[in-house]
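Visitor: For reference, the sequence and a predicted model appear below.
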Amino acid sequence: MPACSPPSSPDTARRQWLASAIAVPGLGLVGCATPAAPVPPVGDNAAWGQPWHMPGVRYMDLPAPALPGRPMPRQHRVMVYVPQGPAPAAGWPVVYVLDGNLMFPLLAQLVHNRGARGPELRSPGAIVVGLGHALPPGSAEVHDRAARTYDYTLPYDGVAPDSQGRAQGGADQFLDWMAQQLQPRLQAAWPLAPQRQTLVGHSYGGLFTLHALFTRTALFQRYVAASPSLWWGNGTVLEEATQFLRRHQAGASALPSELQVYLSQGGEELAGRREPGRAPNPEREASARQAQTRAQQHGLATVADLSQALDRLPRVRSHYQVWPGANHGGTQLYACLQAARVGLDWDDAAR
């Protein structure tokens, strides 16, 4: 058999690779067969190679306050992706993503991919910080649900544990930890751009993201909230939204910087289709009914209404997106795709 010669151009190589991948998915290039690797014995995990680690990623577990009613210690898990190469002159933009145990690997890989392209397609990089929780060794869970519920839900008078006994109302404590402990630690390690900070959250994380926007506006300049749980606490966050709108309408109170807000929901979610296997939640449904009444009183009956109201404020641009075919959980992926764009492209004024 003649030796395989290299193609005459990169375009030719790309077309040949695509053709062979479609025609013979299990083989290499047509005519360039390689000896088949021996099949590892069943149960021989070591034969499948080494654990895979993403370039530029590290993590650290930092002490967190004990949950109310649960005195055992717990830890915030902070995952950090740092691009290769020197930082920009103004410092690295930073994208903070909540539910980091789940969403950080998606977002960090997307950001890494954009910076690892060829020179003609490569985009500026950003540091990605995943905000998660340390899980017990060997745990098969994605989240520490009790910690997530407490850290991402809002304080208000009379807040009580939810129907599953999980404490609620720790969002301000978590924001204090981010501002007073996490951000200074990051700034000491890498040159950061203080006016290029993005916060990303989904569901309860989206609720937390909006709470940060309305109450700690100077901490971030871009906010990505996918399927935010506006229903939580009978719509408490809508009261915060109303106060925020009143403060900043017609420039009555100046915002610390120009803001970009990205709100989104899934098409299946809007149609009211429950995810397969998800049981009804009477507590949530009762809270949602009360939240809807409160929302209508303020003219914020939907997430789209909230986006439109924010977009009318001076120095705020708000964007609303419906992701076709996505249910509540499915909007996580879209939030990561969106955040990989808006957290990087700070010089693209046309968005």
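Guide: Arrived safely, thanks for sending. Numbers count the residues shown, from 1 in each chain.
Visitor: Tell me how many other residues surround I127.
Guide: Around I127 sit 25 other residues, with neighbours defined as other Cβ atoms under 10 Å. For glycine as for every other residue, the C-beta is placed from the backbone atoms N, C-alpha and C.
Visitor: Verify the contact between it and L192 for me.
Guide: Yes - assessed by Cβ atoms under 8 Å, I127 is found in contact with L192 at 7.0 Å.
Visitor: list the residues that contact both of those two?
Guide: Common neighbours of I127 and L192, using Cβ atoms under 8 Å, 6 or more residues apart in numbering, are 92, 94, 186.
Visitor: which ones among these are found in strands?
Guide: 92, 94 (DSSP state E).
Visitor: Looking at the shared contacts of I127 and L192, spot the one nearest V303.
Guide: Nearest to V303 among those, counting by Cβ to Cβ, is V94 at 25.6 Å.
Visitor: isn't the closest one right next to L199, touching?
Guide: No - V94 lies out of contact with L199 (Cβ under 8 Å); the separation is 9.5 Å.
Visitor: Among those two, which residue is more densely surrounded?
Guide: Ranked by neighbour count (other Cβ under 10 Å), V94 and L199 place L199 first, with 28 against 23.
Visitor: Quick check: the gap between the more buried one and T149.
Guide: 19 Å (Cβ to Cβ, to the nearest Å).
Visitor: Repeat that for V95.
Guide: For V95, the distance to T149 - Cβ to Cβ - is 24 Å.
Visitor: which residues in the stretch 251-351 of the chain form helices?
Guide: Under the criterion DSSP state H, counting those that start in this stretch, the stretch 251-351 of the chain contains helices at 267-270, 282-297, 303-311, 331-342.
Visitor: now these as JSON lines including mean neighbour count, distance to G325 and mean pLDDT?
Guide: What follows is those, written out as JSON lines (neighbours: other Cβ atoms under 10 Å; distance: least, Cβ to Cβ, whole Å; pLDDT from 0 to 100):
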{"stretch": "helix 267-270", "mean neighbour count": "18", "distance to G325": "6", "mean pLDDT": "92"}
{"stretch": "helix 282-297", "mean neighbour count": "15", "distance to G325": "23", "mean pLDDT": "71"}
{"stretch": "helix 303-311", "mean neighbour count": "19", "distance to G325": "18", "mean pLDDT": "96"}
{"stretch": "helix 331-342", "mean neighbour count": "22", "distance to G325": "10", "mean pLDDT": "95"}
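Visitor: got the ones you listed as TSV, with distance to V142 columns?
Guide: TSV is the format used below for the helices of the stretch 251-351 of the chain (distance: least, Cβ to Cβ, whole Å):
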stretch	distance to V142
helix 267-270	19
helix 282-297	20
helix 303-311	25
helix 331-342	11
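Visitor: Minimum distance to V111: which of these has it?
Guide: The nearest among the helices of the stretch 251-351 of the chain, by Cβ to Cβ, is helix 331-342 at 5.4 Å.
Visitor: who touches that closest one?
Guide: Contacts for helix 331-342 (Cβ under 8 Å, 6+ apart): 95, 97, 99, 102-103, 106-107, 110-111, 114, 198, 200-202, 222, 224, 226-227, 260, 262, 264-266, 269, 321, 323, 326, 351.
Visitor: circling back: please identify which of V95 and T149 sits among more neighbours.
Guide: Higher neighbour count among V95 and T149: V95, with 29 against 22, using other Cβ under 10 Å.
Visitor: Who does that one form a beta bridge with?
Guide: V128, T198 (DSSP bridges).
Visitor: quick one: it and H76, what's the gap?
Guide: Per Cβ to Cβ, V95 is found 17 Å from H76.
Visitor: and which of the shared contacts of I127 and L192 is nearest to S307?
Guide: Out of the shared contacts of I127 and L192, the member with the shortest distance to S307 (by Cβ to Cβ) is V94, at 23.9 Å.
Visitor: follow-up on the earlier one: what's the closest of the helices of the stretch 251-351 of the chain to D172?
Guide: Of all these, helix 282-297 comes closest under Cβ to Cβ, at 20.2 Å.
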